[in-house]
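Participant: The sequence isn't on hand, but the structure is:
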């Protein structure tokens, strides 16, 4: 899936939700909610830098991966929402172009993190059940890990850092309590420093910028 297809896909799926028969909803009321989500992740090719006794720069090509997580939040009558969230996401790496044979082959680029998100809901579709939203979050990446699967075994580099994420989507009420959530997000962390876990190869520096198309379900207290 290319980046140019993501907004059109979101618009199509949102329109399908809007087309359902509307009924009055209590969504405009303030209150607590909780939800879980899963999704498909991807990331563009990234430049990785190996630092240590034999420094070099290589290119890594990525394909798709998965995201899973959950959130607890509070909605204000003004349309603003604040929520805390935990997510795990991973993208598979097809190849890495390094001359060092210990840093070649397939692998993945994964993270776990806690986020504090601020989101604003607005009426884009004219339906009492569907509410669009835009938002941003501050993310504490508790672990970022990149693995290299080679003939000599797995080589891993890991670390922690902070990041920002942007979010957009639509929520659709199934009733007074339950809702579905369809969203797009991108997480951006630059110049991560990932230390070698079991060897003396040094460290890997690189950007971590996965995007995700998510589907979630939740319940208002």
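Facilitator: Thanks, I have it. These numbers were taken from a predicted model, which means no experiment stands behind them.

Participant: Every contact and neighbour count from this point should use C-alpha atoms.
Facilitator: Noted.

Participant: Show me the strands in this protein, by range?
Facilitator: Under the criterion DSSP state E, strands of the chain are mapped to 31-42, 46-51, 56-75, 80-97, 106-122, 130-150, 153-173, 178-196, 203-208, 211-220.

Participant: By mean pLDDT, show me the worst of those.
Facilitator: Mean pLDDT across those is lowest at strand 46-51; the value there is a mean of 87.

Participant: List of residues touching that one?
Facilitator: Contacts with strand 46-51, where a contact means C-alpha atoms under 8 Å, 6 or more residues apart in numbering, come from 55-61, 202-207.

Participant: Quick check: phi and psi at the residue of the chain most remote from its centre.
Facilitator: Distance from the C-alpha centroid of the chain, by C-alpha atoms, centre = their mean, peaks at residue 53 (33.8 Å). Here is the backbone geometry of residue 53 (degrees, to the nearest 10): phi -70, psi -30.

Participant: now residue 126
Facilitator: The phi/psi pair for residue 126 (degrees, to the nearest 10) is phi 70, psi 20.

Participant: residue contacts, residue 76?
Facilitator: Residues near residue 76 by C-alpha under 8 Å, 6+ apart: 29-31.

Participant: so what's the closest residue to residue 70 other than its chain neighbours up against?
Facilitator: Leaving aside its sequence neighbours, residue 70 sits nearest to residue 36 (C-alpha to C-alpha, 6 or more residues apart in numbering; 4.1 Å). The contact partners of residue 36, by C-alpha under 8 Å, 6+ apart, come to 68-71, 216-218.

Participant: Bridged to residue 36, which residues?
Facilitator: For residue 36, the beta-bridge partners under DSSP bridges are residue 70, residue 217.

Participant: and it, how far is that from residue 88?
Facilitator: Per C-alpha to C-alpha, to the nearest Å, residue 36 is found 12 Å from residue 88.
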